[in-house]
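Student: Provided below for reference: sequence and predicted model.
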Amino acid sequence: MDSETEKSTSAPSGAVDDARGDESEQEAPNSIALPAHVAGSGTLDRLVDTARDYARAAASENTLKAYAKDWAHFARWCRMKGAEPLPPSPEMIGLYLADLASGSGPSPALAVSTIDRRLSGLAWNYAQRGFTLDRENRHIATVLAGIKRKHARPPVQKAAILAEDILAMVATLPFDLRGLRDRAILLIGYAGGLRRSEIVSLDVGKDDTPDSGGWVEILEKGALLTLNAKTGWREVEIGRGSKKQSCPVHALEQWLHFARIDFGPVFVGTSRDGKRASETRLNDKHVARLIKRTALGAGIRADLPEKDRLALFSGHSLRAGLASSAEVDERYVQKQLGHASAEMTRRYQRRRDRFRVNLTKAAGL
């Protein structure tokens, strides 16, 4: 097998062990069906299948997988406690949250953000099954509030990769086909302020593949990316750089030309010798691994042990780097990153002037 060991983003990550055989744990969109009093027909059955496809498209594949795992975990927990997951019981869900936070079972205590996400997953699963989970019920709300008060910690932010860092990182890459691809990934991801899932979901053209997350249009002055992202459709403009060595658009053109890619996924795997492109879309985990590997190779934060340096960088380091390095009006950064609020953008700006507006002096003190 001569292809690089990089999995397709469209490949399933594995079935949930505890979901087999239990109707209540099957994929929720499959619960969409005809009303009991309506007789089925070929046309209506086809519409049911179409509605199920649309229901699956309501959330990303990764979100649906996470929600499925949340439900399977909760259903297994209920069985172990001699209870049933349906219909929703606020009392049992409150106890479940307490168990997740305390780590009293065989599993370690979960972070508050993970517990909150689990609860959102349960609410979604119940909604797909025709039930309403009242998160404001005192058995849930008071327990969750206590968990947040006792266990919440400030968010851990990944380090921003700044302009000088990204140049040092791309300098570590070879000039074979794989190196051209990885150089384009880093520069396009950095200049576009893209999420790693957005990078690997790009296609060359509109509607090239069913799992496309957007497409690229290369123009004289730069590249225009149309993305179906976490916050909806948006356009990202990536202008040409001042030098070819650091120009993200030039890097993308070089990769597409030498990889002979004119249709389908933009970023695909390569053969082990790095000389031939495959047709398999890269997994977004490749972006995270690439960032960590090149950051180490470039000697960024060499004052820290290697383990700490690996933990310091992730896919979000590219977005934080653009937000921190771009010396332009904040609203332009907000638009590029696709943030709904300026406050979210400020959370990405690691080097911003926090005391530019001094309310103490403005108040006369």
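Tutor: All right, it came through fine. Numbering: from 1, shown residues only.

Student: residue contacts, Glu237?
Tutor: With contacts defined as CB atoms under 8 Å, 6 or more residues apart in numbering, Glu237 is in contact with 222-225, 336. Quick note: C-beta positions are derived from backbone N, CA and C, even for glycine.

Student: quick one: the strands in the chain, in order.
Tutor: Per DSSP state E, the chain carries strands over the ranges 202-203, 214-218, 222-229, 232-239, 268-270, 277-281.

Student: any chance of those strands in TSV, plus mean pLDDT?
Tutor: TSV is the format used below for these (pLDDT from 0 to 100):
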stretch	mean pLDDT
strand 202-203	96
strand 214-218	95
strand 222-229	90
strand 232-239	86
strand 268-270	95
strand 277-281	94
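
Student: kindly provide the distance from His151 to Ala145.
Tutor: For His151, the distance to Ala145 equals 11 Å [CB to CB, to the nearest Å].

Student: what count of nearby residues applies to Arg276?
Tutor: 16 (other CB atoms under 10 Å).

Student: quick one, grab the pLDDT at Ala340.
Tutor: At Ala340, the pLDDT value in this model is 56.

Student: no wait, Leu282
Tutor: 95.

Student: try Asp17
Tutor: At Asp17, pLDDT is 38.

Student: Leu97 now?
Tutor: 95.

Student: residues contacting the nearest residue to it once chain neighbours are set aside?
Tutor: Leaving out its chain neighbours, the residue that sits closest to Leu97 by CB to CB, 6 or more residues apart in numbering is Val143, at 5.3 Å. Contacts for Val143 were tallied using CB under 8 Å, 6+ apart; they are 94, 97-98.

Student: mind redoing it with 10 Å?
Tutor: Counting by CB atoms under 10 Å, 6 or more residues apart in numbering, Val143 makes contact with 90-91, 93-98, 101, 115, 137.

Student: dump those residues to TSV, plus neighbour count.
Tutor: As requested, the contacts of Val143 are exported to TSV (neighbours: other CB atoms under 10 Å):
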residue	neighbour count
Pro90	17
Glu91	13
Ile93	26
Gly94	18
Leu95	16
Tyr96	24
Leu97	22
Ala98	15
Ala101	21
Ile115	21
Asn137	16
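
Student: quick one: which of those residues is nearest to Lys244?
Tutor: Set against Lys244, the nearest of the contacts of Val143 by CB to CB is Ile115 (48.5 Å).

Student: I'd say the closest one and Tyr96 touch.
Tutor: Yes. Ile115 is within contact range of Tyr96, at 9.5 Å (criterion: CB atoms under 10 Å).

Student: quick one: low-confidence residue ranges for the protein.
Tutor: 1-31, 105, 155-157, 230-231, 321-361, 365 (pLDDT under 70).

Student: what are the C-alpha coordinates of stretch 139-155, in CSV please?
Tutor: The C-alpha trace of stretch 139-155 is given here as CSV (Å, rounded to 0.1, in the frame of the first residue of the first chain):
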residue,chain,number,x,y,z
HIS,A,139,-33.0,19.2,38.9
ILE,A,140,-30.8,20.1,35.9
ALA,A,141,-30.2,23.8,36.1
THR,A,142,-29.2,23.9,39.8
VAL,A,143,-26.9,21.0,39.5
LEU,A,144,-25.2,22.4,36.4
ALA,A,145,-24.9,25.8,38.0
GLY,A,146,-23.2,24.2,41.0
ILE,A,147,-20.8,22.3,38.8
LYS,A,148,-19.8,25.5,36.9
ARG,A,149,-19.3,27.3,40.2
LYS,A,150,-17.2,24.6,41.7
HIS,A,151,-15.3,23.3,38.8
ALA,A,152,-15.2,25.9,36.1
ARG,A,153,-11.7,27.1,35.0
PRO,A,154,-10.6,29.9,32.7
PRO,A,155,-10.5,28.8,29.1
